[in-house]
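Student: Here is my input, please return the structure:
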Amino acid sequence: MSNSDTSLAVSENTFMSDFKQLTKLGLSLSVVFSAVAGYLLAVDTINYKTVTLLAIGGYLMVGASNAFNQIIEKDIDKLMKRTQNRPLPTGRYNVTTAMIIAISFTILGLGILYSINEKSALFGAISIFLYTCAYTPLKGVTPLAVFVGAFPGAIPFMLGWVAATDHFGIEAGILFMIQFFWQFPHFWAIGWLGHDEYLKAGYNLLPMGKRDKKAVVQILIYTVMLIFASILPVFKMTGSFYIFPLTAVLIFICGSVIFYYGIQLYKDLSKKTAKKLMLASVFYITVVQIIYIIDKFLH
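Tutor: Residues are numbered from 1 along each chain as shown. As a prediction, this is how the structure comes out:
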């Protein structure tokens with residue numbers, strides 16, 4: 001292989017690596033997982049074309065939001081170690097390239113979701129708008145940005161149900177509520193870990209503005225609401241979405257893991273415990289969605 005061929009291969013690898021970073025591939029795939037889980041909960045027979053369109057549309061929707069976010073925050077990202085190696089702060093991508101990707105993803109993503117049904121496209125558009133035009137600018141203004149950001153963050157699970165049924169009812173509402181309440185222990189744990197770095201960038205994402213016991217109390221309150229929302233379907237008051245009592249017990253145990261680390265964080269206020277809390281929250285949302293799907297196909 002010639003030097004020019006080697007340079008081209010390295011350049012292509014760098015471009016793709018930066019592309020994944022701009023669209024946050026890992027986060028996008030977790031959102032796709034949630035959307036597909038919501039779809040599976042709503043159907044008796046899987047339409048693989050719809051699932052494929054939902055997965056692609058969901059990825060493009062989240063990728064667009066992340067790209068717009070990084071365009072807006074390119075100067076702020078230079079101030080934090082966690083973000084200063086992103087494509088825009090380093091100059092490996094320019095704003096025009098990132099904007100082309102963001103706009104293309106928006107148009108393609110919403111078009112694909114619209115081909116499933118109009119409501120899916122509507123919720124996709126709301127998600128991109130709130131994340132880009134509300135959550136991102138508010139991060140530098142108030143800790144309430146996390147509350148605002150929880151709305152677009154809670155859409156994917158519910159989006160799957162809407163894609164399957166073309167209907168937003170109590171079932172989709174419960175899925176939205178579960179992922180909405182989950183955002184708080186998850187993102188406040190991240191905010192706890194990166195608090196000093198966020199302050200350098202002018203962000204203060206913790207509920208009380210600092211790492212203290214009052215902030216942990218908020219985490220615990222939202223964890224309790226998360227657990228309650230997650231087991232609510234066992235009472236058969238949530239339309240066609242219901243779960244077995246044993247399923248509710250398993251979900252309660254999973255939620256107790258988050259609550260346990262919340263109590264530990266209240267005691268020691270350490271980054272080490274905050275990291276465990278964050279990982280417990282990721283474990284929770286993944287495992288609970290899988291438990292729901294297994295429960296659904298046992299009915």
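
Student: So the protein: which segments form each domain?
Tutor: Listed domain ranges for the chain are 1-167, 169-299 (source: automatic domain parsing).

Student: Following element in sequence after the helix or strand where V148 lies, please.
Tutor: Using DSSP states H and E, the element containing V148 is helix 145-153. Going down the chain from helix 145-153, the next helix or strand is helix 155-165, by DSSP H and E.

Student: Give me the distance from that following helix to the chain's centre.
Tutor: Helix 155-165 sits 14 Å away from the centroid of its parent chain (C-alpha atoms, centre = their mean, to the nearest Å).

Student: what's that helix packed up against?
Tutor: Using 3 or more C-beta pairs under 8 Å, 6 or more residues apart in numbering; DSSP states H and E, the elements in contact with helix 155-165 are helix 25-42, helix 48-72, helix 118-130, helix 170-193. For every residue, glycine as well, the C-beta is placed using N, CA and C.

Student: For the ones you listed, could you give me a markdown table that also reports mean neighbour count and mean pLDDT?
Tutor: Below are these laid out as a markdown table (neighbours: other C-beta atoms under 10 Å; pLDDT from 0 to 100):
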| stretch | mean neighbour count | mean pLDDT |
| --- | --- | --- |
| helix 25-42 | 21 | 94 |
| helix 48-72 | 22 | 95 |
| helix 118-130 | 20 | 96 |
| helix 170-193 | 23 | 95 |
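
Student: now the closest residue in space to A98 that isn't next to it in sequence: how far from Q179?
Tutor: Of all residues not flanking A98 in the chain, I71 sits nearest, at 5.1 Å (C-beta to C-beta, 6 or more residues apart in numbering). Applying C-beta to C-beta, to the nearest Å, the value for I71 to Q179 is 26 Å.

Student: Y59 now?
Tutor: For Y59, the distance to Q179 (C-beta to C-beta) stands at 17 Å.

Student: next one: N66
Tutor: Applying C-beta to C-beta to N66 and Q179 gives a distance of 18 Å.

Student: and the helix holding V148, which residues are buried?
Tutor: Residues of helix 145-153 classed as buried: 145-153 (neighbour count, 16 or more other C-beta atoms under 10 Å).

Student: Measure how it sits relative to helix 170-193, angle-wise.
Tutor: Going by axes from the mean of the first three to the mean of the last three C-alpha atoms, to 10 degrees, helix 145-153 is angled at 140 degrees with respect to helix 170-193.

Student: other SSEs contacting helix 145-153?
Tutor: Using 3+ C-beta pairs under 8 Å, 6+ apart, the elements in contact with helix 145-153 are helix 118-130, helix 136-138, helix 170-193.

Student: I'd like the ones you listed as a markdown table, with distance to T52 appended.
Tutor: Formatted as a markdown table, those follow (distance: least, C-beta to C-beta, whole Å):
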| stretch | distance to T52 |
| --- | --- |
| helix 118-130 | 14 |
| helix 136-138 | 30 |
| helix 170-193 | 21 |
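
Student: quick one on the thing from earlier: quick one: which of the domains of the chain has the weakest pLDDT on average?
Tutor: Lowest mean pLDDT of these: domain 1-167, a mean of 90.

Student: Quick one: distance of that domain to the chain centre.
Tutor: 10 Å.

Student: Repeat that for stretch 242-253.
Tutor: Worked out by C-alpha atoms, centre = their mean, stretch 242-253 lies 23 Å from the chain centre.
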